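Student: Need coordinates for the below:
(chains A, B and C)
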Amino acid sequence: MFALVDGTNFYVSCERVFQPRLEGVPVVILSNNDGSVVSLSAEAKAYGIRRGVPYFEIRELLRHRQGQALSSNYALYGDMSGRMMRRLAAHAPIEIYSIDEAFLDLHGMERYIQAPGGIGRDAKRDVLACTGLPTCVGVAPTKTLAKAANRLAKKYPELQGVLVLDTESRRERALRALLVEDVWGVGRQYALALQQKGVATAWQLAGVGEAWARKHLGGVVGWRLVQELRGQPCQGLLPSEDGTLRRQSLSYSRTFGQPLQLFDAVWGAVSTYLIKAAEKLRAQGDEAHILSIYLSKNRFDPQLQGPAGRTATLTLPMGPTADTLQLLHYGRQLFGRLWEPGNAYTKAGVVLDGLESRERPRQLQLFAPEPGPTPKGRPELMQCLDQVNARFGRGKVTVGCAVPSGGEGAPWQSKSQWRSPAFTTRLEDLLLIN
DNA sequence: TCTGGGGTCCTAGGACCC
DNA sequence: TCTGGGGTCCTAGGACCC
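Tutor: Predicted coordinates for the structure are as follows:
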């Protein structure tokens, strides 16, 4: 059996822990650049606001209803997430699935699931008591069914946030009540196609054959999904060691505060993003051997023809690295391949792929690596750079071509007008009760 | 005027190798 | 006109997740 635990309107809940005045108020949390809604409270949902809508469309509605919009504060959410995960990990082996969701492995704990209250209610109570965060819990024999149970636990208040699917009849009842578009792994495209073929509920989806599933739901993924709905596990727990996630790629991208046309401005943004991505890479003790850069134009522009974005990718000739200067060197080459004068760019990003731990055993070098910018003494230099910045503030020391202090006041700087303080991670932002 | 960011997995074709 | 089988790597793209 698996449990899926997730935070209810997680970002809003994090804000409310430190700002009780937001209790009962329609609250929306905005994306970077204050562009669109990424999380919202039940009160905001009741007024018809939905995740993903652009802020300018709901600004008036929110003001009219005395609602509150906040910029997203990932320093706060990330720290609160860590607190929640540490509580959950005390109950069972854990896989952290996203910032506000975790799977718990309950194999061998079946008797505890059945006990009065059960592990779901227990974990939920614990997280609330220790962090102030409300959660929902779904328990079932497969991950997909646990997600389904969680979904229904949220939808029906009488379940009080916990649903256990531990018998055939409970599974059937749940799947009959679940729409196909609410199944984990069925997105917009698939939902539309399924509905057109007369498959409207999760129960109907669980009844399709293997060939059908492979044909209409993206191959082997679709077939696994159907099996999981039937109660046959196809995915095990991927345990998160010491509360962190093992990742295969890492990226840093931002929408600019305004469209940019000048080479220097766009390269200024990309080089800054590269520096940040390299910092993240070193902070998690990894090296990357594939580098991608992408540039995007405004994807909502009706004049736009062709794809909004272009990507350039390179396998680094000297092998895995976490060196800012090497990444900048090759990043500049990739940028040159993408750059087209006369375009108004709205967004850029950097992706580091093929991540390996820096501590891994070194493979025997059979051939001399291609000469890149000289790497002698570089790991030490990078380490020194990170230590100085950790002590004196991010971006205090950087490379010569970069904009100081990480782009503060730069032309690409994102908007973030209503950010709450970093209550839990900055001493100056500590909440004071008078 | 104003529309996020960071991930995953799978497929498929071409180059290249044995 | 005929012209294998199997494998890897690389790249691009499409679907999905939160």
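
Student: and the nearest residue to A:Tyr112 once chain neighbours are set aside, how many residues sit next to it?
Tutor: Closest residue in space to A:Tyr112, ignoring its immediate chain neighbours: A:Ile119 at 5.3 Å, by CB to CB, 6 or more residues apart in numbering. Yep, even glycine has a C-beta here, placed from its N, CA and C like the rest. Counted with other CB atoms under 10 Å, the neighbours of A:Ile119 add up to 23.

Student: Same check on A:Gly285?
Tutor: Applying other CB under 10 Å, we find 12 residues neighbouring A:Gly285.

Student: Thought A:Ser357 was touching it, still the case?
Tutor: Yes - with contact defined as CB atoms under 8 Å, A:Gly285 counts as touching A:Ser357 (6.1 Å).

Student: any idea of the mean pLDDT for stretch A:423-430?
Tutor: Stretch A:423-430 carries an average pLDDT of 90.

Student: Equivalent analysis for stretch A:82-95, please.
Tutor: Taken as a whole, stretch A:82-95 has a mean pLDDT of 96.

Student: Poorly predicted segments of chain A, please.
Tutor: Under the criterion pLDDT under 70, the flagged ranges of chain A are A:115-117, A:243, A:360-375, A:394, A:400-408.

Student: measure A:Leu88 to A:Lys215 for me?
Tutor: Distance of A:Leu88 to A:Lys215, computed by CB to CB, to the nearest Å: 38 Å.

Student: Correction: the previous question concerned A:Phe335.
Tutor: From A:Phe335 to A:Lys215 the distance is 41 Å (CB to CB).

Student: which residues make contact with stretch A:143-152 from outside it?
Tutor: Contact partners of stretch A:143-152, identified using CB atoms under 8 Å, 6 or more residues apart in numbering, comprise A:2-6, A:103, A:136-140, A:159, A:163-165, A:171, A:174-175, A:177-178, A:182-185, A:202, A:225, A:228-229, A:231, A:233, A:235.

Student: The strand or helix carrying A:Leu325 and DNA strand C in contact?
Tutor: Using DSSP states H and E, the element containing A:Leu325 is helix A:324-338. No - using CB under 7 Å from any atom of the strand, helix A:324-338 never reaches DNA strand C; the gap is at least 9.0 Å.

Student: Show me what that helix packs onto, helices and strands only.
Tutor: Under the contact criterion of 3 or more CB pairs under 8 Å, 6 or more residues apart in numbering; DSSP states H and E, helix A:324-338 touches helix A:263-283, strand A:290-297, strand A:309-315, helix A:378-392.

Student: Report the inter-axis angle for that helix versus helix A:263-283.
Tutor: Angle, helix A:324-338 to helix A:263-283, by axes from the mean of the first three to the mean of the last three CA atoms, to 10 degrees: 140 degrees.

Student: Just checking the distance from helix A:324-338 to the centre of its chain.
Tutor: Per CA atoms, centre = their mean, to the nearest Å, the displacement of helix A:324-338 from the mean C-alpha position of its chain is 26 Å.

Student: Looking at A:Phe335 and A:Lys215, which one has more neighbours?
Tutor: A count of neighbours by other CB under 10 Å puts A:Phe335 above the other of A:Phe335 and A:Lys215, at 20 against 13.

Student: And the contacts of stretch A:277-287?
Tutor: Residues from elsewhere that reach stretch A:277-287 (CB under 8 Å, 6+ apart): A:244, A:247, A:250-252, A:288, A:320-324, A:327, A:350-352, A:355-359, A:382-383, A:386, A:389.

Student: buried subset of those?
Tutor: Buried members of these, counted by 16 or more other CB atoms under 10 Å: A:250, A:252, A:288, A:320-324, A:327, A:350-352, A:355-356, A:382, A:386, A:389.

Student: thinking again about what came up before, can you tell me which of the helices and strands packed on helix A:324-338 is nearest to A:His64?
Tutor: strand A:290-297 (33.7 Å; CB to CB).

Student: Just confirm yes or no for that closest one near DNA strand B.
Tutor: No - judged by CB under 7 Å from any atom of the strand, strand A:290-297 stays clear of DNA strand B, getting no closer than 8.5 Å.

Student: Could you list every helix and strand in contact with the longest strand anywhere in chain A?
Tutor: The residue-count maximum for a strand in chain A (DSSP state E) belongs to strand A:249-260. Packing contacts for strand A:249-260, counted by 3+ CB pairs under 8 Å, 6+ apart, involve helix A:263-283, strand A:345-353.

Student: Next, format these as JSON lines and append distance to A:Met109.
Tutor: As requested, the helices and strands packed on strand A:249-260 are exported to JSON lines (distance: least, CB to CB, whole Å):
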{"stretch": "helix A:263-283", "distance to A:Met109": "35"}
{"stretch": "strand A:345-353", "distance to A:Met109": "38"}
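
Student: Need the ones you listed in TSV (columns: distance to DNA strand C).
Tutor: Shown next, in TSV, are the helices and strands packed on strand A:249-260 (distance: least, CB to the nearest atom of the strand, whole Å):
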stretch	distance to DNA strand C
helix A:263-283	17
strand A:345-353	9
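
Student: nearest to DNA strand B, of the ones you listed?
Tutor: Closest approach to DNA strand B among the helices and strands packed on strand A:249-260 is made by strand A:345-353 (5.3 Å; CB to the nearest atom of the strand).

Student: Can you list the strands that the closest one pairs with?
Tutor: strand A:249-260 (antiparallel), strand A:290-297 (antiparallel) (DSSP bridges).

Student: Deepest in the core, which of the ones you listed is it.
Tutor: strand A:290-297 (a mean of 20; mean count of other CB atoms under 10 Å).

Student: just to revisit the earlier point, tabulate the helices and strands packed on helix A:324-338 in CSV, adding columns for distance to A:Leu432.
Tutor: Listed next are those as CSV, based on distance: least, CB to CB, whole Å:
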stretch, distance to A:Leu432
helix A:263-283, 30
strand A:290-297, 42
strand A:309-315, 45
helix A:378-392, 25
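
Student: still on that earlier bit, buried stuff in the helix holding A:Leu325?
Tutor: So, applying 16+ other CB under 10 Å, buried residues of helix A:324-338: A:Thr324, A:Leu325, A:Gln326, A:Leu327, A:Leu328, A:Tyr330, A:Gly331, A:Leu334, A:Phe335, A:Leu338.

Student: do you know how far the third one is from DNA strand B?
Tutor: Distance, A:Gln326 to DNA strand B, using CB to the nearest atom of the strand, to the nearest Å: 19 Å.

Student: thought that residue was touching A:Gly319?
Tutor: No - if you go by CB under 8 Å, A:Gln326 and A:Gly319 don't touch, sitting 10.3 Å apart.

Student: What lies in contact with stretch A:79-96?
Tutor: Contacts for stretch A:79-96 (CB under 8 Å, 6+ apart): A:3, A:5, A:7, A:10, A:14, A:17, A:99-100, A:102-106, A:109, A:119, A:122-123, A:126-127, A:130-131, A:133, A:135, A:237-240, A:243-245, A:424-425.
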